[in-house]
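Participant: Below is the sequence, then the predicted model.
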Amino acid sequence: MRSEEFGTLDDGTTVHRWTLESAGVRVRVLTYGGIVQSAEAPDRQGDTAEVVLGFPSLKGYLDAPGFYFGALVGRYANRIAGGRFELGERTYHLAHNDGENSLHGGERGFDKRMWEAEEVDGALRLSRVSPHGEEGFPGRLEVSATYSLDENGALHIAYEAVSDAPTVVNLTNHSYFNLGGVGPDGVRRDAREHELRLVASRLTMPGEDRIPTGEPAEVAGTRFDFRAHRPVGSGIDHNFVLDKGVTPVPEEFGELYDAGSGRTLTVSTTEPGVHVYTADHFGGDPYGPCDGVALETQHFPDSPNRPDFPSAVLSPDEVYLSETVYALGVRA
């Protein structure tokens, strides 16, 4: 593992990039936003290419803050309806940064914060303290995310947090994957042709504001049925309810596959859901619509206002623990 300077923020803070390598996989992580800036993996021919969307300089991330490229998202990933929730006898008001809703932690969530970095047993541990009231959330939250590559080159991201007051926590990584990489002709392969499989029989159907309406709906007979491999296509910005539910250790729930390169991405998590986003709104500078697919493992959108959803509440006597594993491989 090694560290190097990656750029400087307007206030003079230096951002570092840490590099992890194992089994032919190389992953680079920034101390700004906990961003997975790069992930390189071999194809079936053994040729290595970039498989996540990112930028070669810090400026790229600062100029495109609304797309969360590779970022560590919190304090609450996804949307909270009306930018408000009740906890105990109090109502907490958050930024309305997605229409009337709060999205991905507010105007300046974890993706736009600096993180302290340290090497721990060959892994990169990023940590910070989110003070009480930051972006409207209650409780002083001590939070960390540990990035490691195992002997097979699988990327593990393990989150941990404690709070001195009841709060809500929902953390995820927002990398966009394109397993085709860039070919010899300099053209990025179309992620719409990637095949996706999810062990998910239901999804939380969103309304026009992307907030879930009603009870989770069955995917059977719809274009959202990915229980067997099918092209991911476009127009997906939906939370899928994983059949496994919340688990104490990561369990495999899905695979993304690119037939051209043979690359696979197998994902396991402790979380009850995965938000699949095909990035249809990319404007083409430098990335166009559907150039990548995000698989955001997390609790469900608007869980703080939905007691029928798995709870995202963290009490002072609890430890928030969550882990997701992204395993890159190949098919012959």
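Facilitator: Structure received.

Participant: all contacts plus neighbour counts: C-alpha atoms, from now on.
Facilitator: Fine.

Participant: Would you confirm that Leu9 contacts Val15?
Facilitator: Yes - between Leu9 and Val15 a contact is recorded at 7.3 Å, counting by C-alpha atoms under 8 Å.

Participant: out of the two, which sits in the busier spot?
Facilitator: Just comparing Leu9 and Val15: by other C-alpha atoms under 10 Å the higher neighbour count belongs to Val15, 18 against 13.

Participant: Check which residues of the helix or strand hosting that one are buried.
Facilitator: Val15 is part of strand 14-22 when elements are defined by DSSP states H and E. Neighbour counts using 16 or more other C-alpha atoms under 10 Å place Val15, His16, Arg17, Trp18, Thr19, Leu20, Glu21, Ser22 of strand 14-22 among the buried residues.

Participant: pull the CA atoms of stretch 213-230 into PDB?
Facilitator: As requested, C-alpha coordinates have been extracted for stretch 213-230 and formatted as PDB (Å, rounded to 0.1, in the frame of the first residue of the first chain):
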ATOM      1  CA  THR A 213     -44.900   4.400  -2.500                       C
ATOM      2  CA  GLY A 214     -46.800   1.600  -0.700                       C
ATOM      3  CA  GLU A 215     -45.500  -1.800   0.000                       C
ATOM      4  CA  PRO A 216     -42.600  -3.400  -2.000                       C
ATOM      5  CA  ALA A 217     -43.800  -4.700  -5.300                       C
ATOM      6  CA  GLU A 218     -43.100  -8.100  -6.900                       C
ATOM      7  CA  VAL A 219     -40.600  -8.000  -9.800                       C
ATOM      8  CA  ALA A 220     -42.100 -11.000 -11.500                       C
ATOM      9  CA  GLY A 221     -43.500 -10.200 -14.900                       C
ATOM     10  CA  THR A 222     -41.800  -6.800 -15.000                       C
ATOM     11  CA  ARG A 223     -38.600  -5.400 -16.600                       C
ATOM     12  CA  PHE A 224     -37.100  -5.300 -13.100                       C
ATOM     13  CA  ASP A 225     -37.000  -9.100 -12.800                       C
ATOM     14  CA  PHE A 226     -33.200  -9.700 -12.700                       C
ATOM     15  CA  ARG A 227     -33.500 -13.000 -10.900                       C
ATOM     16  CA  ALA A 228     -31.800 -14.500 -14.000                       C
ATOM     17  CA  HIS A 229     -29.100 -12.700 -16.000                       C
ATOM     18  CA  ARG A 230     -30.500 -10.200 -18.400                       C
END
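
Participant: Give me the contacts around it.
Facilitator: The contact list for stretch 213-230 (C-alpha atoms under 8 Å, 6 or more residues apart in numbering) reads 195-207, 241.

Participant: Need the outlier residue of the protein, farthest from its centre.
Facilitator: Each residue of the chain has a distance to the centre, and by C-alpha atoms, centre = their mean the biggest one is for Glu89: 31.3 Å.

Participant: I'd assumed Gly180 was in a helix, is it?
Facilitator: No - secondary structure of Gly180, determined by DSSP: H, G, I helix; E, B strand; the rest coil: coil, with no helix assignment.

Participant: Need the pLDDT of it.
Facilitator: The confidence metric pLDDT takes the value 94 at Gly180.

Participant: Contacts only, for it.
Facilitator: Residues in contact with Gly180 (C-alpha under 8 Å, 6+ apart) are Val51, Arg188, Arg189, Asp190, Ala191, Asp258, Gly260, Ser261, Arg263.

Participant: now these as JSON lines including pLDDT and distance to Arg128?
Facilitator: Conversion of those to JSON lines gives the following (pLDDT from 0 to 100; distance: C-alpha to C-alpha, whole Å):
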{"residue": "Val51", "pLDDT": "96", "distance to Arg128": "28"}
{"residue": "Arg188", "pLDDT": "68", "distance to Arg128": "36"}
{"residue": "Arg189", "pLDDT": "70", "distance to Arg128": "37"}
{"residue": "Asp190", "pLDDT": "78", "distance to Arg128": "37"}
{"residue": "Ala191", "pLDDT": "93", "distance to Arg128": "34"}
{"residue": "Asp258", "pLDDT": "96", "distance to Arg128": "36"}
{"residue": "Gly260", "pLDDT": "92", "distance to Arg128": "41"}
{"residue": "Ser261", "pLDDT": "94", "distance to Arg128": "38"}
{"residue": "Arg263", "pLDDT": "97", "distance to Arg128": "34"}
